[in-house]
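Novice: Predicted model and sequence follow; I will ask about them next.
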Amino acid sequence: MRKNLNVIAAYSIMMVLILMVGIFQSWNIALSIFNLCLISAVMTMGANIQWGYAGLINFGIMGYTALGGLAAVLISVDPVQEAWRAGGFDILMSLWLIVVMVLVIRFILKRFEKSKIRTYSIAAIIISGILLIRFSAEPGIEAIEAVDPAKTGFLGGFGLPIIFSWIVGAFFAGGLAFIVGKVALGLRADYLAIATLLISEIVIAIIKHEDWLTRGVKNVIGLKRPAPYEVDLQTTDWFIKLVEKFNAGKLSVIENLADRQAALNQLVIEGSSVFVKLCYSGLFLVVVIILLILTQKALYSPWGRMMRAIRDNEEAANAMGKNVVKQHLLIFILGSAIVGIAGAMLVTQDGLFTPGSYRPMRYTFLIWVMVIVGGSGNNFGAILGGFVVWFLWIEAAPISLFLINFFTSGIPETNALKAHLIESVPYFRFLLMGLGLLFIMRYRPKGILPEKIEIK
Amino acid sequence: MDFVNAIILLLNYIFIPALTYGSQLALGAIFVTLIYGILRFANFATGDMMSFGTMMTILFTWYFQSLGVSLGVLPTALLAIPFGIIFMILYMLLIDKFVFKYYRNQKSPPVQFAMVSIGVMFVTQAVVRIIIGPGDRRFFDGEKFIIKAREFKEMTGLNEGLALKSTQVITIFVTIVLVSLLFWFLNRTKTGKSMKAYSDNEDLALLSGIDPKKIVLVTWVIAGILATIGGALYGLDKSFKPFTYFNNMLPIFAAAIVGGIGNPFGAFLGGYVIAFSEILLTYAYKKFFMYILPESMEPNSLVQLLSTDYKFAVSFSILVIVLIYRPSGIFKGKVL
């Protein structure tokens, strides 16, 4: 108990802060912050597995998040029959071509010795394959995108419950991580950072512009929900009774029956959106707790010790007979898969998929700030980092607005400098994040909750 | 005649834009490579530092415009660039003093430097957005075209026009002058040679009496000049928007690594490699083939290898390929 005192204290402070938002601003805001904190926590756990356990730097988090989101779309949207009829055959043909191409390349790699001719012939196969696929898929793609472009214009998905996408998202992200890891993991740390960053940009470019698959920048809206809809709740009897019970004291003060009914309606509308958010919080909390248990178990298992050994001294671990390359690839895939889950959760919560909103600032660098600030190598630290940083990211604007008003209270409203500062309040969050990161790295380089290794 | 038309078409839509864009990338890439070679870290704040320098240039441009000072046909920004450079260098030295110096003395690993530079990136982004806002700014004034497409057509009687924007000429001219000065400095002067020595082998350089503080100072000064001019030229040619500058960091990194990181000449060429491959692969060649092929063989489609949406993806793919097959870059990196 005593040993974990700082962990408990840090989490209690965080909870109190969120509760304060609930009391002073509104429960809706508090819960949406809390939900995104949970999603961020999943992301940081993924990044923490890679960086904290194994020392692998992955600046491609944005790409894996987006793939998780894509999984949510492909799983939950109903298939667009017309589009399948129009161009499904061409798309399937192209998929076949890709499979054939990969098999041929594998065959050549296995069968022939490394030589210049082999390299050139593989390059020739890839280039001619891409051209062939372009020509064979083009009519299909155009036909699909022409099917009712304002509403669909894409193939749709499988029409399954969206919860499944959390697992499928993990597989998508893990698959991409397998390819990236095979290609790039041999690179030096800072090259690996740049390579993963750029690969994630390529992934986003593909998701943004392959409209037949993702609708691209036209976005996919109105995804299915695992939680009830607000409108349905507002007309359900048990829910109205529940709200009435909760607010019995407040309602009994109102004498007039019509007024009381109006007040109740207002409360039901507010309550319904809080209730929906609570449903999401419950689902996310389950995921976070499961992942936390698994990652903690892994950290203290023989496998976790081996990973730390590889991180701290690669050559020594190699000399002890550990397959460093294989373990690096494994942990790269595992971490990315967790990020993929978070991506699917994010789209599930929003109910929409907007490829244009995936930006490296928000989905890669901010997650890294969370990991570093929270404490890399320590799962509780990483989760706390997700909470603290997301909370500050959202609350930075109100806080800085308050500070500006406080320090310039003597200056009249019409002052140009004051007006300019108030106008640029949204950008103080970048300043806060940057300064926070710099201070933590300088004075507490292991994060708020540093890694501590105890052998049980 | 059709043949000449085809050539003019390529000049107008591929060669000149790629040369301009390549020059802008090249300046940024040399900036990245210098920091990497001498201070030994990948600077993720590159794009935002460039946007800071450009912002200072814009502020001075506005100031001069309000005073009524102008350069006639040339953009006023050219007059403002030196002032922008001074502020950029001051900002960089300030950051170096309060942030990077500590880690240099600690001899931190490059990854930690990279993380710190992300902190600097956040702060710089905030500073730029708070001062000038996130919006799109155009600060070009003066004569826009040297040759207009219509005038060119009338002059030569060709079907295809060749438009030459003054910003394009300024960009290419300034880049040539700046880069030749830089290479002269690095290869001929004592300071430049000691920078090379420091980059090659730090301990040996220190033993032979090279002052590391001076090297770091000179590096930041050169970096400030390159960042401001590169950023301002890009802003003049296109427009200034902080987010675009952040995004430009990616092709700039690509250029620096493709050219062999730590090698300024490689970075210079790398900029053009990236720019030309981006534009060559995403240009629709339909019109070009219409000129050079007989009528019966004219293509129906756009004859475009990749859609323009994949412009960035092209340069990143090149980078990934280079990283895998030749991690030291095309021109052998790590010699300054």
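Specialist: Okay, I see it.

Novice: Helices along the stretch 151-300 of chain B, start to end?
Specialist: B:166-188, B:190-200, B:202-207, B:212-237, B:242-258, B:264-282, B:286-292 (DSSP state H, counting those that start in this stretch).

Novice: longest helix of chain A?
Specialist: helix A:257-299 (DSSP state H).

Novice: Following the chain past that one, name the next helix or strand.
Specialist: Next helix or strand after helix A:257-299 toward the C-terminus (DSSP states H and E): helix A:302-312.

Novice: measure stretch A:423-432 end to end?
Specialist: Across its full length, stretch A:423-432 reaches 17 Å end to end, with CA to CA, to the nearest Å as the criterion.

Novice: which parts of that stretch are buried?
Specialist: A:424-425, A:427-432 (16 or more other CB atoms under 10 Å in any protein chain shown). No exception for glycine: its C-beta is placed from N, CA and C like everyone else's.

Novice: Output those in CSV, with secondary structure appended to each entry.
Specialist: Output for those, formatted as CSV (DSSP: H, G, I helix; E, B strand; the rest coil):
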residue, secondary structure
A:424, coil
A:425, helix
A:427, helix
A:428, helix
A:429, helix
A:430, helix
A:431, helix
A:432, helix
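
Novice: check those residues against chain B, which are close?
Specialist: A:424, A:427-431 (CB under 8 Å from any CB of the partner chain).

Novice: Residue B:212 reaches residue B:206, doesn't it?
Specialist: Yes: shown here, residue B:212 and residue B:206 form a contact pair, counting by CB atoms under 8 Å, at 6.4 Å.

Novice: how many other residues sit next to the residue of chain B found nearest chain A?
Specialist: Nearest to chain A, among the residues of chain B, is residue B:122, at 3.0 Å (CB to the nearest CB). Residue B:122 is flanked by 26 other residues according to other CB atoms under 10 Å in any protein chain shown.

Novice: Please name the nearest non-neighbouring residue to it.
Specialist: Closest residue to residue B:122 apart from its sequence neighbours, by CB to CB, 6 or more residues apart in numbering or on different chains: residue A:434 at 3.0 Å.

Novice: swap in residue A:220?
Specialist: residue A:353 (4.3 Å).

Novice: Could you pull up phi and psi at the one you found?
Specialist: The phi/psi pair for residue A:353 (degrees, to the nearest 10) reads phi -120, psi 110.

Novice: ok, the closest residue to residue B:32 other than its chain neighbours - contacts?
Specialist: With CB to CB, 6+ apart as the criterion, residue B:32 has its nearest non-adjacent residue at 4.2 Å, and that residue is residue B:256. Contact partners of residue B:256, counting by CB atoms under 8 Å, 6 or more residues apart in numbering or on different chains, are B:29-30, B:32-33, B:36, B:267, B:270.

Novice: Kindly recompute the last result at 6 Å.
Specialist: Neighbouring residues of residue B:256 by CB atoms under 6 Å, 6 or more residues apart in numbering or on different chains: B:29, B:32-33, B:267.

Novice: gap between residue A:328 and chain B?
Specialist: 15 Å (CB to the nearest CB, to the nearest Å).

Novice: Which residues are in contact with that residue?
Specialist: residue A:185.

Novice: hmm, 7 Å instead?
Specialist: By CB atoms under 7 Å, 6 or more residues apart in numbering or on different chains, the residues touching residue A:328 are A:54, A:56, A:185.

Novice: ok, and the closest non-adjacent residue to residue A:304?
Specialist: Of all residues not flanking residue A:304 in the chain, residue A:298 sits nearest, at 5.2 Å (CB to CB, 6+ apart).

Novice: whoops, I mixed them up, residue A:129
Specialist: Nearest non-adjacent residue to residue A:129 (CB to CB, 6+ apart): residue A:101, at 4.3 Å.

Novice: what number of residues lie near the one you found?
Specialist: 17.

Novice: Is it within a helix or a strand, and which one?
Specialist: Assessed by DSSP H and E, residue A:101 sits inside helix A:81-111.

Novice: now for that helix, which elements pack on it?
Specialist: Judged by 3 or more CB pairs under 7 Å, 6 or more residues apart in numbering or on different chains; DSSP states H and E, the packing partners of helix A:81-111 are helix A:116-146.

Novice: Show the secondary-structure elements that the helix it packs on is packed against.
Specialist: By 3+ CB pairs under 7 Å, 6+ apart, helix A:116-146 packs against helix A:81-111, helix A:211-214.

Novice: The longest one - what's its average pLDDT?
Specialist: Think helix A:81-111. For helix A:81-111, mean pLDDT rounds to 88.

Novice: relative to helix A:257-299, how tilted is the helix or strand where residue A:176 lies?
Specialist: Here residue A:176 is covered by helix A:164-184, with elements defined by DSSP H and E. Here the directions of helix A:164-184 and helix A:257-299 differ by 40 degrees (axes from the mean of the first three to the mean of the last three CA atoms, to 10 degrees).

Novice: What mean pLDDT does helix A:164-184 get?
Specialist: Averaging pLDDT along helix A:164-184 yields 93.

Novice: buried stuff in that helix?
Specialist: By neighbour count on 16+ other CB under 10 Å, the buried set for helix A:164-184 is A:165-166, A:168-170, A:172-174, A:176-178, A:180-181, A:184.

Novice: What parts of the stretch 201-336 of chain B come near chain A?
Specialist: When proximity is defined as CB under 7 Å from any CB of the partner chain, the stretch 201-336 of chain B approaches chain A at B:250, B:253-254, B:257, B:307, B:309-310, B:312-313, B:316-317, B:319-320, B:323-324, B:327.
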